[in-house]
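Q: Structure for the following, please:
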Amino acid sequence: QVQLVESGGGLVQAGGSLRLSCAASGPTASTYAMGWFRQAPGKEREFVAAINWNGGTTSYTDSVKGRFTISRDNPKKTMYLQMDSLQPEDTAVYLCVAALQIQRVKAGTASNWGRGTQVTVSS
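A: Numbering: from 1, shown residues only. This is a model prediction of the structure:
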């Protein structure tokens, strides 16, 4: 099991940037695949991006490709989501997720979730 804490959310104008962080704790945290989901009011939770344990494999949902970049720093046990060219439709609570298999991260079936950080993009 790992504990996950997100940070870095906030209010930004359309076209702006934010960098989210997810700090993981636990002795085996660096061996987990990790990722981001988001949930907007009245909408279902949506997969955003995932990264495998060593950063060698990444995956993105189509709507963020070319704008968002996922990365991780294993010595710091921290994952990042650099979000550029933000649009109002990116407004949501962003949640960090971790699992031993990247497939479970992408499917949203992981058992390790953070509490989320709010991202609001104004037009």
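Q: Need phi/psi at the most centrally placed residue in the chain.
A: By CA atoms, centre = their mean, the chain has its centre lying nearest to W36, at 2.5 Å. Here is the backbone geometry of W36 (degrees, to the nearest 10): phi -130, psi 140.
Q: Spatially, and excluding backbone neighbours, which residue is closest to it.
A: V48 (4.2 Å; CB to CB, 6 or more residues apart in numbering). C-beta here means a position set from N, CA and C on the backbone, and glycine is covered the same way.
Q: Going by neighbour count, which residues of the host helix or strand of the one you found are buried?
A: When secondary structure is defined by DSSP states H and E, V48 falls within strand 46-51. Residues of strand 46-51 classed as buried: 47-51 (neighbour count, 16 or more other CB atoms under 10 Å).
Q: Just the residues contacting it, thanks.
A: Applying CB atoms under 8 Å, 6 or more residues apart in numbering, the contact partners of strand 46-51 are 33-40, 57-61, 64, 68, 70-72, 79, 81, 92, 94, 102, 105-106, 108.
Q: could you pull out the strands for the chain?
A: 3-7, 10-13, 18-25, 33-39, 46-51, 58-60, 68-73, 78-83, 92-99, 112-113, 117-122 (DSSP state E).
Q: would a markdown table of those strands with mean pLDDT be doable?
A: Shown next, in a markdown table, are these (pLDDT from 0 to 100):
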| stretch | mean pLDDT |
| --- | --- |
| strand 3-7 | 98 |
| strand 10-13 | 98 |
| strand 18-25 | 98 |
| strand 33-39 | 98 |
| strand 46-51 | 98 |
| strand 58-60 | 98 |
| strand 68-73 | 98 |
| strand 78-83 | 98 |
| strand 92-99 | 98 |
| strand 112-113 | 96 |
| strand 117-122 | 98 |
